[in-house]
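J.: with the sequence up front, the predicted model follows.
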Amino acid sequence: MPDEEFLLLGEALWLEFVNTAESPPVGRDSLSDPGEYLRWTKAVRIEPPRDASAFNDALTLRTRLLALARALDTGRNPPPSAIEAINRLLVGMEGREQLVRVGGNWQLRIQPVRPPSALEAVAQSAAQTLANPIAVIRRCANPGCGLYFSDESPNQSRRWCSRSRCGDTGRIERRRNTPRPTPMITEG
Ligand SMILES: [Zn+2]
């Protein structure tokens, strides 16, 4: 199954996950069964779910994270249920502290002793966003889209999920209203 099955923006993993709930056109769920969920984990290159029951856990977490994205987009505090869901997954992750050289500086990092499960990876991604003071979560300004993204532009002026997908919407609308030349029909 090709990756194009899912609309991926190259955003933080948890936002890609949230965006499966309301894919354009607004409201389409692109994870509607365990098979789709399995293919999505492959598309974003995280651990596949162990069994079909993991699908229900995934949907529960997605509901919490969708509420989190909505809250952040509208300037509200993160819902406690989202923070609890994230922390519950983080507590199960095992790792060891290690010194790592990052950009010329030594940093203390937790190195996992096993690959994180799909939902642990998603929770970790959400935790990284929440812990990042400059990350601003926004919803695409195109009313027909509604995808969430993290605005890390210098003056936080990003409005679209992607310029090519939605940023040119106004121009496309204008072009659509311009009368087209009548096509020449040749017979023979
Ligand atoms: Zn968009």
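T.: Looks like it came in fine. If you're wondering where the values come from, they're calculated on a predicted model, not measured in any experiment.

J.: neighbours around Asn105, how many?
T.: Residues contacting Asn105 under the criterion other CB atoms under 10 Å number 7. C-beta: built from backbone N, CA, C; applies to glycine.

J.: torsion angles phi and psi at it?
T.: Here is the backbone geometry of Asn105 (degrees, to the nearest 10): phi -120, psi 150.

J.: now Gln107
T.: Backbone torsions of Gln107, given as degrees, to the nearest 10, read phi -130, psi 150.

J.: isn't it right up against Leu99?
T.: Yes: at 7.4 Å, Gln107 and Leu99 qualify as touching, with contact defined as CB atoms under 8 Å.

J.: not counting the longest helix seen in the chain itself, show me its contacts.
T.: Using DSSP state H to assign secondary structure, the helix with the most residues in the chain is helix 54-73. Outside of helix 54-73, the residues within contact range by CB atoms under 8 Å, 6 or more residues apart in numbering are 14-15, 17-18, 20-22, 31, 33-34, 37, 49, 77-79, 81-82, 85-86, 89, 118-119, 122-123, 126, 136-139, 148.

J.: that one - what's its average pLDDT?
T.: On average, the pLDDT along helix 54-73 is 97.

J.: likewise for stretch 163-172?
T.: 71.

J.: then stretch 17-29?
T.: According to the model, stretch 17-29 has a mean pLDDT of 84.

J.: mind checking the end-to-end distance for it?
T.: The first residue of stretch 17-29 is 11 Å away from its last residue (CA to CA, to the nearest Å).

J.: alright, calling it a day.
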